[in-house]
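Student: Would you be able to build a 3D model of this:
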Amino acid sequence: MSRGRSDGSPKKHLVASVCGVVIFLGFLYMYHGSIFGSQNGSSSALEYGSKSLKRLGASYLGADDDADSKQDESSSKIGLGDREDNIVPKSFPVCDDRHSELIPCLDRHLIYQMRLKLDLSLMEHYERHCPPAERRFNCLIPPPAGYKVPVKWPQSRDEVWKANIPHTHLAHEKSDQNWMIVKGEKIVFPGGGTHFHYGADKYIASIANMLNFSNNNLNNEGRLRTVLDVGCGVASFGAYLLSSDIIAMSLAPNDVHQNQIQFALERGIPAYLGVLGTKRLPYPSRSFELAHCSRCRIDWLQRDGILLLELDRLLRPGGYFAYSSPEAYAQDEEDRRIWREMSALVGRMCWRIAAKRDQTVIWQKPLTNECYMEREPGTRPPLCQSDDDPDAIWGVNMEACITPYSDHDNRAKGSGLAPWPARLTTPPPRLADFGYSNEMFEKDTELWQGRVENYWNLLGPKISSNTLRNVMDMKANMGSFAAGLRGKDVWVMNVVPRDGPNTLKLIYDRGLIGSIHDWCEAYSTYPRTYDLLHAWTVISDIEKRGCSPEDLLIEMDRMLRPTGFIIIRDKQHVIDFVKKYLTAMHWEAVATADASADSDQDTNEVIFVIQKKLWLTTESFRNTE
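Tutor: You can find the predicted model right below:
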C-alpha cells in the first residue's frame, strides 16, 4: 500500500472498512458451518467450530488472547462425561501449502514473529522453541505437489522421489562431493560425503582398518553398535553402517543446508533434527561407542570445549571420536593452530590418539577415572559436580565439565555390555538404577514379543515385507517393542516421555536408539517421516497432564507418511475418542482388538489400528494432472 495518497474522504474510508469487516465476519460464519458438522444440529457444530477456528485463527489472523487459549485448551480434554461428546468434526482445516514442511518447534518464522532474543553465535536459533497454545497451527499439513508413496527400503537408500522433497539446491551445492544427483523424477544418492567423495563404504572400512578391527568391519565383532554422526549431511555414513549391524543416530540442524534430515528419513535412515548449541542433546550419558564428525563445521574449541565435553558425556568408556577435517592434517598455520589447541584440550580430557591417517584422527575416551585423578589441581576442564545428573537431558544446559564414571563403572573398566546381537536381549547393567530385576526385563521382552506378533497379524492384510521402514515407539519403556521387531527390516525411534522413568539408557544399552520427548509439544522431525507410530497409553497420559489430545492427534498425523499406520494401545474411552476424529483426519480404521489376549494383567486396554489415507490438496491435484 502506498503512503500519503488520498482517494476520498475519511467518511468513505470508514464505510469501506465497516463493509470489509461485515463481509469478513460473514465469510467466517459460513466457513464454520461448512467445515464442522454435528449429530446434534447446527448450533452445536457452529459452537465447536468457533472454538476450533479461534485457535486456528491465532496463527492466521494474528489473535493473541491468552484467556481464550486457556479456555480452548481445557475444552479439548477427553474427559468423557464432563462435556457433550456427540460433537464430531467432519474435517479439519488444511494448512497453507507453504507449511508442507512445518516443524512447529523448529520454525524460524515463529522466532522472528515472537522476537526471541537468541545468541546466533551459540546456535540458539537452531534449538527448540515451541509455539504457545495461541500460536499453534491446528491444521493438517498437506503433502507437496505431486507427492508419491515413498520408495521402499532397501532401494530407498539410493533413491527417492524428487516430488516428495522438491529441493535440489544441495545437489548443485555438493555436486563435486557426490552427496546427491537429480535424475529425472528421482534424486539419487551415490553414497558420497564432504570427506568421502568415493563412497561411505570405503571410508567406513578405512576407519575400521585404522583401529585394527578384524576384516575391516567397524562393528568389531559386535562390540561397536551405536554411533552418533554429528553434522551428518544426508546421512550416507549412517546408511552404509547398517549393513555392518551398526545403527547411527544421524544428527543435523535445519540450517543453511536445509532438508538434510528430511532426505535421510525419506531414504529410511535413522535421523534426528538437533544441534550442538547450548542444551544437552536428548540422549543419556554413555549411549554411543563412536561419535563421528566429517567436516561438520563445528567450532570444537568454543566455550572451554563445551561441545567436545558434550560428546564426552555421550561416549561409553573406551568410546571413540572419529574426526575428519583439514586440522587433522595441519597444512597451514590456522589449521596447525586449531590442531595444537584441540590436541591440548582432548589431552586434558584424558582422550588419547587411537589412530591418525591423512585427514582423519580417532581419539579414544579412557576406561576408568584413573587419568582424571592424576591431573594437576585446577586443570580445566574440571570434573562435574557430584550432584550433576549426566542423564538429565530435557532442556538442560550443557556444562563445560568432564563426567567421571561411577564407582561401579570405574571398577568394571567398561560398559559391561554383551556384543550385538546378544546385547538386545541380555539384561543391561543399568537395570539396577531403576530397581528392575533381570527377571522383570526378561518378562517384559517376552511379553512385547507376543504383542508385536499380534500387531503384525492385525496389520497382515495391509502390509507386505517392505511396507514399513521408519517406526516410532512413542512410549518405549525398556525398548521391548523395538526388540520384538528384530526380525523385520525396520528401525525404531524409541521415545521416552520426559515425565516418566528415564529408561532411555536401558534402550541404548540394548543396542537401540531413541530420544527423550514431551508429547505436549511437537517432535523434532519433518512432516511425513514415519511409516508406523506405536502409541501405548500416550494419549491418556498427556490428557492427565492437561494437554490437548486433539493437538497430539494432529502432531501424529504430521509425522506419519500417507498410507502409514498408527497402533494405539489404550483404554476404551480413548479409542472411542479417537474414532470420532477418523473422518476429519483422513484416517480409516484397520482393526480393533481386545488387548487382554497379549497382556499379563487385566489392563482393560484395547488395540486400535489406523491407516492414514493419501490425500492431496487442490493445488497438489493440479500439479499431478
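
Student: drop to CA atoms for contacts and neighbour counts, all remaining ones
Tutor: Will do.

Student: which secondary element of the protein has the worst mean pLDDT?
Tutor: helix 42-60 (a mean of 30; mean pLDDT, DSSP states H and E).

Student: Please list the outside residues in contact with stretch 390-401.
Tutor: 278-285, 303-306, 309-310, 313, 381-384, 403, 498, 502, 516-517 (C-alpha atoms under 8 Å, 6 or more residues apart in numbering).

Student: Just the ones in strands from the residues you listed, please.
Tutor: I516, H517 (DSSP state E).

Student: Show the buried residues in the contacts of stretch 390-401.
Tutor: The neighbour-count test (16 or more other C-alpha atoms under 10 Å) applied to the contacts of stretch 390-401 identifies 278-285, 305-306, 309-310, 313, 381-382, 403, 498, 502, 516-517 as buried.

Student: Just the helices from the stretch 201-350 of the chain, written as ranges.
Tutor: With helices called from DSSP state H, counting those that start in this stretch, the stretch 201-350 of the chain shows them at 236-241, 260-267, 302-314, 326-329, 333-348.

Student: One more: the stretch 501-625 of the chain?
Tutor: Taking DSSP H, counting those that start in this stretch as the test, the helices found in the stretch 501-625 of the chain are 504-509, 538-544, 549-559, 572-579, 582-585, 618-624.

Student: nearest to R108, of those?
Tutor: helix 549-559 (18.0 Å; C-alpha to C-alpha).

Student: now the strands for the stretch 351-500 of the chain?
Tutor: 352-357, 360-364, 470-473, 491-497 (DSSP state E, counting those that start in this stretch).

Student: who wins for proximity to E101 among these?
Tutor: strand 470-473 (17.8 Å).

Student: Pairing partners for that closest one, with directions?
Tutor: Note on strand 470-473: by DSSP bridges, its sheet partners are strand 491-497 (parallel), strand 530-536 (parallel).

Student: which of the helices of the stretch 501-625 of the chain is buried the deepest?
Tutor: Most buried of these, by mean neighbour count (mean count of other C-alpha atoms under 10 Å): helix 504-509, with a mean of 26.

Student: How about residues contacting that helix?
Tutor: 226, 283-288, 417, 423, 428, 430-431, 477-479, 494-496, 513-516.

Student: same thing but at 6 Å, please
Tutor: P284, S287, P428, M478, G479 (C-alpha atoms under 6 Å, 6 or more residues apart in numbering).

Student: and the fourth one, how many neighbours?
Tutor: Spelled out, it's M478. 24 (other C-alpha atoms under 10 Å).

Student: Quick check: the gap between it and I513.
Tutor: Computed as C-alpha to C-alpha, to the nearest Å, the M478 to I513 distance reads 11 Å.

Student: contacts for stretch 365-374?
Tutor: Contacts of stretch 365-374 (C-alpha under 6 Å, 6+ apart): P317, G318, G319, W351, N410, K413, G414.

Student: how near is E289 to S415?
Tutor: 10 Å.

Student: picking that back up, highest average neighbour count across the helices of the stretch 201-350 of the chain?
Tutor: helix 260-267 (a mean of 26).

Student: circling back to that earlier point, just the buried ones from the contacts of stretch 365-374, in ChimeraX syntax?
Tutor: To isolate the buried ones among these in ChimeraX, judged by 16+ other C-alpha under 10 Å, type:
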select :317,318,319,351,410,414
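
Student: pull the longest strand from this structure.
Tutor: Every strand in the chain considered (DSSP E), the longest is strand 560-571.

Student: So for E289 and S415, which sits in the more crowded spot?
Tutor: More neighbours surround E289 than the other of E289 and S415, with 24 against 20 (other C-alpha under 10 Å).

Student: Tell me the spacing between that one and L417.
Tutor: 11 Å.

Student: What pLDDT does the model give Q177?
Tutor: The score at Q177 is 60. That number is its pLDDT.

Student: Next: H172.
Tutor: 63.

Student: Give the helix, strand or coil label for the nearest residue to C105 once chain neighbours are set aside.
Tutor: Leaving aside its chain neighbours, C105 sits nearest to C130 (4.0 Å; criterion: C-alpha to C-alpha, 6 or more residues apart in numbering). Put simply, C130 is coil when judged by DSSP: H, G, I helix; E, B strand; the rest coil.

Student: Pretty sure C130 sits against L106.
Tutor: No. Under the criterion of C-alpha atoms under 6 Å, C130 makes no contact with L106, lying 7.2 Å away.

Student: Between these two, tell me which one has more neighbours.
Tutor: More neighbours surround L106 than the other of C130 and L106, with 25 against 18 (other C-alpha under 10 Å).

Student: burial measure for the closest residue to the more buried one other than its chain neighbours, as a count.
Tutor: In space, and not counting its chain neighbours, L106 is closest to R128: 5.5 Å by C-alpha to C-alpha, 6+ apart. Using other C-alpha under 10 Å, the number of residues around R128 comes to 20.

Student: Tabulate the helices of the stretch 201-350 of the chain (a markdown table), appending distance to G435.
Tutor: Formatted as a markdown table, these follow (distance: least, C-alpha to C-alpha, whole Å):
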| stretch | distance to G435 |
| --- | --- |
| helix 236-241 | 34 |
| helix 260-267 | 36 |
| helix 302-314 | 23 |
| helix 326-329 | 45 |
| helix 333-348 | 36 |
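
Student: Cheers, nothing more for now.
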